[in-house]
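Engineer: Structure for this input, please:
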Amino acid sequence: IFDTHGILIDGINIEGENAVYNTGEVAIKNGTISATSYYALYNTGTAELTDVTASTIESDYAIYNTGTLHITDGTISTESAAGGAIYNFGSDGQLILAGSPNITGRITGFGAGRVSVATTYPNSFAPNNRTYLLAPSNLEDGDIVVTNGAGFIANFELVGDDFVLAANGNDLVAHGEATAVMSTERVIPSNEHPEETSYIFSRNDVTRNEFSAGPVPVDRQSGGVVNFFWQGGRIKNSTLTIYDAAGNSIRRLSITDASGRTGSLPPVRRQTGSWDLTDRRGRPVSEGTYLVKGTIRTVDGQRENVSVILGVR
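Structural biologist: From the prediction side, this is the model:
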């Protein structure tokens, strides 16, 4: 479908090199748009996707947007190894997320203030346990990354950047100091099982693998180190974020399988990283409770949201 102008597409399946090429206004509901190459949606106008599955096989991105794009629920995905879902171009593209869209890849290429979440009922943003990977371009400290996103800081993750996300008023902004990442949505649970060295809880309530840490509690005065362990598929490009009890992001750690073996590892427990009890600037942390959380990605394409509580004394 090429050069649409004020049309509604409801409940049909569309397939082609560029399945939908929109320069005007289009609303697509309850259907499937898939590209054999290029993009499922190339949008330079105004497009609304509601409960739509958009996918591509060969292109690095399922959607290329230089206009205004509203996505409510549905699924956006690509089979490309590049792992992109939406390319929201620079200072031109405007992306608004509503409902609980399943976006299985990065949202990338966008400038400051070009991604926002809807706040108007009944289509307000309600991501539940979903995580959205953001790879913006040319960020500076203090730039708005997600407009109206402050209450959803746990649902967004910056990838491939030195910044972390911080809540500032109603928005999520880029912060280079890795501090003051506050959210009323984040709660660090109390340790109900102090006799255990570590424990895990998965945000999707399906724990197929096991992530753990030890020793817990750890003594900082003796130069203690916390080691992280994983029992599951071989890890690829994964990052853990450490939060203090106030919800401040104090450190980001990359984790990987230390083994030089290739392919899938057997599901044996092995060490995948460690934390030396320092913050991003190398300063020792204080006594207290810390939350470690992140998404573990494996070479076979699986993702597991993990978190563990640490006690430092």
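Engineer: Show me the shaky parts of the stretch 51-200 of the chain.
Structural biologist: Applying pLDDT under 70 to the stretch 51-200 of the chain flags the ranges 58, 80-83, 160-162, 176-200.
Engineer: Break down it into its strands, ranges please.
Structural biologist: For the stretch 51-200 of the chain, the strands defined by DSSP state E, counting those that start in this stretch occupy 53-56, 63-65, 68-72, 75-78, 84-90, 94-98, 102-104, 106-110, 115-117, 132-135, 144-146, 156-158, 164-168, 171-175.
Engineer: Can you tell me what sits against the last one?
Structural biologist: What that stands for is strand 171-175. Residues outside strand 171-175 that contact it (Cβ atoms under 8 Å, 6 or more residues apart in numbering) are 136, 139-150, 152-153, 156, 158, 161, 163-167, 181. To be clear about C-beta, it is placed using only N, CA and C from the backbone, and glycine gets the same treatment.
Engineer: Filter those down to the buried ones, ChimeraX style.
Structural biologist: The buried subset of those, as determined by 16 or more other Cβ atoms under 10 Å, is captured in ChimeraX by this line:
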select :136,139,143,144,145,146,147,148,149,150,152,153,156,158,163,164,165,166,167,181
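Engineer: Most tightly packed of the strands of the stretch 51-200 of the chain?
Structural biologist: Across these, averaging neighbours per residue (mean count of other Cβ atoms under 10 Å) puts strand 63-65 on top, at a mean of 28.
Engineer: What is the distance between it and the centre of its chain?
Structural biologist: Strand 63-65 sits 18 Å away from the centroid of its parent chain (Cα atoms, centre = their mean, to the nearest Å).
Engineer: Can you name the residues in contact with that strand?
Structural biologist: The contact list for strand 63-65 (Cβ under 8 Å, 6+ apart) reads 39-43, 47, 54, 69, 76, 85-89, 93-95.
Engineer: Could you do stretch 281-288 as well?
Structural biologist: 220, 244-245, 250, 277-279, 311-313.
Engineer: And it, end to end?
Structural biologist: One end of stretch 281-288 sits 19 Å from the other (Cα to Cα, to the nearest Å).
Engineer: related to what we said a few turns ago, what about the contacts of stretch 281-288, which are in strands?
Structural biologist: 250, 311-312 (DSSP state E).
Engineer: By pLDDT, give me the weakest of these.
Structural biologist: Within the ones in strands among the contacts of stretch 281-288, pLDDT reaches its minimum at Gly311, with 84.
Engineer: wait, it sits on Asp219?
Structural biologist: No - if you go by Cβ atoms under 8 Å, Gly311 and Asp219 don't touch, sitting 10.0 Å apart.
Engineer: More neighbours: these two, which one.
Structural biologist: The neighbour comparison of Gly311 against Asp219 (other Cβ atoms under 10 Å) goes to Gly311, with 16 against 12.
Engineer: Any stretches of the stretch 201-313 of the chain with poor pLDDT?
Structural biologist: In the stretch 201-313 of the chain (pLDDT under 70), the answer is 201-209, 222-223, 258-267.
Engineer: Give me the distance between Asp141 and Ile242.
Structural biologist: As judged by Cβ to Cβ, to the nearest Å, Asp141 and Ile242 stand 21 Å apart.
Engineer: cool, and Asn18?
Structural biologist: Distance, Asn18 to Ile242, by Cβ to Cβ: 43 Å.
Engineer: where's Ala112 relative to Gly90, distance?
Structural biologist: According to Cβ to Cβ, Ala112 stands 10 Å off from Gly90.
Engineer: Need the residues touching each of those two.
Structural biologist: With Cβ under 8 Å, 6+ apart, Ala112 and Gly90 have no common neighbours.
Engineer: now the closest residue to Thr108 other than its chain neighbours: how far from Leu69?
Structural biologist: Ranked by Cβ to Cβ, 6 or more residues apart in numbering and with sequence neighbours excluded, the top spatial neighbour of Thr108 is Ala135, at 3.9 Å. Taking Cβ to Cβ as the measure, Ala135 falls 17 Å from Leu69.
Engineer: Glu157 too?
Structural biologist: As defined by Cβ to Cβ, Glu157 lies at a distance of 21 Å from Leu69.
Engineer: ok, now Ile86?
Structural biologist: Distance, Ile86 to Leu69, using Cβ to Cβ: 8 Å.
Engineer: Quick check: neighbours shared by those two?
Structural biologist: Residues touching both Ile86 and Leu69 by Cβ under 8 Å, 6+ apart: 63, 95.
Engineer: just to revisit the earlier point, the more surrounded of Asn18 and Ile242?
Structural biologist: A count of neighbours by other Cβ under 10 Å puts Ile242 above the other of Asn18 and Ile242, at 23 against 20.
Engineer: ok, residues contacting the helix or strand encompassing the more buried one?
Structural biologist: Following DSSP states H and E, one finds Ile242 within strand 238-243. Outside strand 238-243, the residues that touch it by Cβ under 8 Å, 6+ apart are 157, 159, 164, 181, 186, 188, 228, 249-256, 273, 275, 290-297.
Engineer: ok, now which ones touch the closest residue to Glu79 other than its chain neighbours?
Structural biologist: Leaving out its chain neighbours, the residue that sits closest to Glu79 by Cβ to Cβ, 6+ apart is Ile57, at 5.1 Å. By Cβ under 8 Å, 6+ apart, Ile57 lies in contact with 34-37, 78-80.
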